[in-house]
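Chemist: Got a predicted model here, sequence first, then my questions.
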Amino acid sequence: VEAGTREVAMAPDATMAPADDMLREPNGVSDAPLTLQRAVLDYSARDERFALDKKIYGQYFQLYFQRLMLLGPRLKQAVGAKWPGVPAVKVLDLKEGEECVVMGTLYKDMKLKPSILDEYVKEAGAKASEVAAKKFVSDDDSLVLEDEGARVRLTGNGIAVDCFVTGVVLAVKGRVVANGEFEVDEICYPAPAPQATRPRASEEATAGRHVLLCSGLRVGDDAASSALNLELMCDYVTGNLGGANDQGVAASIARVVICGGALPEADVPAQSLDGRAQAAVARPLRQLDVLLTTLAASVPVDLMPGDGDPTNQALPQQPLHPCLFPEAKRFSPQTFASCTNPHDFTVGGVDFLGTAGQNVSNLAAYSNVVEGVEGGAGDDDAGEALDLLEATVRWQHVAPSAPDTLACYPYKDRDPFFIERSPHVYFAGMQPAFGCRKVRVDDVETTCVAVPDFSKTGTVVLLNVDTLECHAVTFGR
């Protein structure tokens, strides 16, 4: 078992717990029944800004304009602190050779970026360019900075083209060179949003209270997910698996958050299937309802939608409808909540902000992040995900690539994805492996967590609300 990982497995030698706690000789004395109290923590959700209403629809340029207006004041604050005395000018007022600062929104020109027109080119029989399946980055990519009035192409060693995507708001310091391009010496990101003070852990909570994060359960898809691992996970959370130590940890779990991927990926639209096939498609819903009911009877559960789940696919995704879970909804709103994606909430005075991972996957396809800093816990395979989570924290935006390469709704009066309140914990589901990293921006520290795909890893994440330390629990071999 790697450092920072707890593994739960069914094995003949019962290595899950000490020998004196599990299999032992009868001593003729009955043990006193062990009664554990489930940890209870205050909870509140702040998903109102992700709700859809009839007045949001506009043009996408309005969303970019709102993003610049919302992050602009904090960007000016950071620029004033980092480069005092250097003048900040608009693109239209740039003069060749004069050192200055320009603030705006990045546009990344990518030769390999897929276009909807490519589909029509293929249908017409013309030769379409072949693109990579996972990465659309090439050496020919370039960056343009755009403010309210004009745009200028960026060049120089002060900015790495591969590390950015369209939609990032930042400031650059440098000068205009002879060919009209802006040579960048340094870059600056917006100042971090304020962060609420985290309460101190009480003396009674020395063992810690936990939030369990999981994703990619794929309930009902036997080919993708192990039914045994799902049952082991459910038994572990409800206190029906392991010895006294494991049950004590299970009792400390105050909330379970399912970060997308709870249902199998849909292959074809349900309306194109016959009655028998439609019944087969509905079977995973009933199995997920049973799982959620079992969990909600023991511990509060938040269910977030993800890519392919039966809700809108453009961000922000709306909660899965309660009618899909007739048994689990009986526990709503006390211990069952169907939430939006992204999901913004507070547990025990600790602020959480997380997604089902679409933002991270999209950034990975359209950028090559630099190698992350040393430190943290988890698998090396989570390095890229943690780098991207750290980048979005520094950019102060959860999904900067929306709407350019990531589908989202055309908000005209706000940008719901910018970070207006720095979270203590920032997570993304459906990642290839578990990882955890502390990210400090000025005096604000955020714990970034890559939540692994359970169907592929059999792993969930336990995060200690009192210390913000986290580790993985793996089921199966």
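Modeler: That came in fine, so what should we check first?

Chemist: From now on I want contacts and neighbour counts done on CA atoms only, so please keep to that.
Modeler: Fine.

Chemist: tell me the contacts of residue 231?
Modeler: For residue 231, the contact set (CA atoms under 8 Å, 6 or more residues apart in numbering) is empty.

Chemist: that's a helix at it, yeah?
Modeler: Yes - when DSSP: H, G, I helix; E, B strand; the rest coil is applied, residue 231 is found to be in a helix.

Chemist: Model confidence at it, what's the number?
Modeler: With respect to pLDDT, residue 231 has a value of 96.

Chemist: And for residue 1?
Modeler: 34.

Chemist: How about residue 243?
Modeler: 87.

Chemist: Kindly report the same for residue 9.
Modeler: 42.

Chemist: Got phi/psi on the spatially closest residue to residue 104 that is not a sequence neighbour?
Modeler: What sits nearest to residue 104 in space, not counting adjacent residues and going by CA to CA, 6 or more residues apart in numbering, is residue 147, at 4.4 Å. With angles defined as degrees, to the nearest 10, residue 147 sits at phi -110, psi -160.

Chemist: Checking the residue nearest in space to the middle of the chain next. Helix, strand or coil?
Modeler: With distances taken as CA atoms, centre = their mean, residue 428 lies nearest the centre of the chain, 2.1 Å away. Here residue 428 is recorded as strand under three-state DSSP.

Chemist: Report the contact partners of the residue nearest to residue 104.
Modeler: By CA under 8 Å, 6+ apart, the neighbours of residue 147 are 90, 91, 103, 104, 105.

Chemist: Check which helix or strand the fourth one maps to.
Modeler: Assigned by DSSP states H and E, residue 104 falls within strand 100-109.

Chemist: which residues touch that strand?
Modeler: Against strand 100-109 from outside (CA under 8 Å, 6+ apart): 64, 68, 75, 86-91, 141-148, 164-175.

Chemist: filter these to the buried ones?
Modeler: 64, 68, 75, 88, 90-91, 142-147, 164-175 (16 or more other CA atoms under 10 Å).

Chemist: okay, and the helix or strand of this protein with the least pLDDT?
Modeler: strand 5-8 (a mean of 46; mean pLDDT, DSSP states H and E).

Chemist: residue ranges with poor pLDDT in the chain?
Modeler: For the chain, applying pLDDT under 70 flags the ranges 1-34, 54-56, 117-133, 202-207, 267-275, 277-278, 370-379, 477.

Chemist: can you tell me how far residue 62 sits from residue 403?
Modeler: Per CA to CA, to the nearest Å, residue 62 is found 11 Å from residue 403.

Chemist: contacting residues around residue 86?
Modeler: Contacts of residue 86 (CA under 8 Å, 6+ apart): 99, 100, 101.

Chemist: List only buried entries from those.
Modeler: Using 16+ other CA under 10 Å, the buried ones in the contacts of residue 86 are 99, 100, 101.

Chemist: What residues does the closest residue to the second one other than its chain neighbours make contact with?
Modeler: Translated: residue 100. Among residues not flanking residue 100 along the chain, residue 87 sits closest, at 5.2 Å (CA to CA, 6+ apart). Residues in contact with residue 87 (CA under 8 Å, 6+ apart) are 99, 100, 101.

Chemist: I'd like those residues as TSV, with distance to residue 308 appended.
Modeler: Formatted as TSV, those follow (distance: CA to CA, whole Å):
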residue	distance to residue 308
99	49
100	46
101	43
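
Chemist: Out of those, which is nearest to residue 232?
Modeler: residue 101 (56.4 Å; CA to CA).

Chemist: Just list whatever residues bridge to the closest one.
Modeler: residue 88, residue 173 (DSSP bridges).

Chemist: who's the closest residue to residue 232 other than its chain neighbours bridged to?
Modeler: Spatial nearest neighbour of residue 232, chain neighbours left out: residue 475 (6.7 Å); criterion: CA to CA, 6+ apart. Assessed by DSSP bridges, residue 475 has beta-bridge partners residue 8.

Chemist: is it true that residue 475 touches residue 461?
Modeler: No - using CA atoms under 8 Å as the test, residue 475 is too far from residue 461 to be in contact (11.5 Å).

Chemist: Which one's more surrounded, the two?
Modeler: residue 461 (27 against 23; other CA atoms under 10 Å).

Chemist: And the more buried one, how far from residue 35?
Modeler: 25 Å.

Chemist: now swap in residue 137 and tell me
Modeler: With CA to CA as the criterion, residue 137 and residue 35 are 56 Å apart.

Chemist: same deal with residue 327?
Modeler: With CA to CA as the criterion, residue 327 and residue 35 are 27 Å apart.

Chemist: do the same with residue 46
Modeler: 34 Å.

Chemist: Which one's more surrounded, those two?
Modeler: residue 46 (13 against 9).

Chemist: hang on, the earlier thing: look up which residues are beta-bridged to the residue nearest to the centre of the chain.
Modeler: residue 355, residue 450.

Chemist: and it, what does it touch?
Modeler: 259, 354, 355, 356, 357, 360, 389, 449, 450, 451.

Chemist: Next, count neighbours for the second one.
Modeler: Neighbours of residue 354 under the rule other CA under 10 Å: 24.

Chemist: Same check on the fourth one?
Modeler: For residue 356, the number of neighbouring residues by other CA under 10 Å comes to 29.

Chemist: Ok, the fifth one next?
Modeler: As a burial measure, residue 357 scores 25 neighbours (other CA under 10 Å).

Chemist: I'd like the distance between it and residue 279.
Modeler: Residue 357 is 29 Å from residue 279, where distance means CA to CA.

Chemist: again with the last one
Modeler: Here the criterion is CA to CA. By it, residue 451 lies 31 Å from residue 279.

Chemist: Of those two, which one has the most company?
Modeler: Ranked by neighbour count (other CA under 10 Å), residue 451 and residue 279 place residue 451 first, with 33 against 12.

Chemist: The closest residue to the more buried one other than its chain neighbours: how many residues sit nearby?
Modeler: Spatial nearest neighbour of residue 451, excluding adjacent residues (CA to CA, 6+ apart): residue 429 at 4.6 Å. Counted with other CA under 10 Å, the neighbours of residue 429 add up to 31.

Chemist: Which of the three states applies to residue 445?
Modeler: Applying three-state DSSP: residue 445 is strand.

Chemist: Would you mind giving the secondary structure of the closest residue to it other than its chain neighbours?
Modeler: Of all residues not flanking residue 445 in the chain, residue 439 sits nearest, at 5.6 Å (CA to CA, 6+ apart). Using three-state DSSP, the three-state assignment for residue 439 comes out as strand.

Chemist: Could you check which helix or strand contains the residue lying closest to residue 431 once chain neighbours are set aside?
Modeler: Among residues not flanking residue 431 along the chain, residue 452 sits closest, at 4.6 Å (CA to CA, 6+ apart). Element membership for residue 452 (DSSP H and E) is strand 444-452.

Chemist: Distance from that strand to the middle of the chain?
Modeler: 9 Å (CA atoms, centre = their mean, to the nearest Å).

Chemist: Tell me where the stretch 251-400 of the chain has strands.
Modeler: 253-259, 301-304, 336-338, 343-347, 350-355, 377-378 (DSSP state E, counting those that start in this stretch).

Chemist: Tabulate those strands (a markdown table), appending distance to residue 290.
Modeler: Formatted as a markdown table, the strands of the stretch 251-400 of the chain follow (distance: least, CA to CA, whole Å):
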| stretch | distance to residue 290 |
| --- | --- |
| strand 253-259 | 15 |
| strand 301-304 | 13 |
| strand 336-338 | 13 |
| strand 343-347 | 23 |
| strand 350-355 | 24 |
| strand 377-378 | 31 |
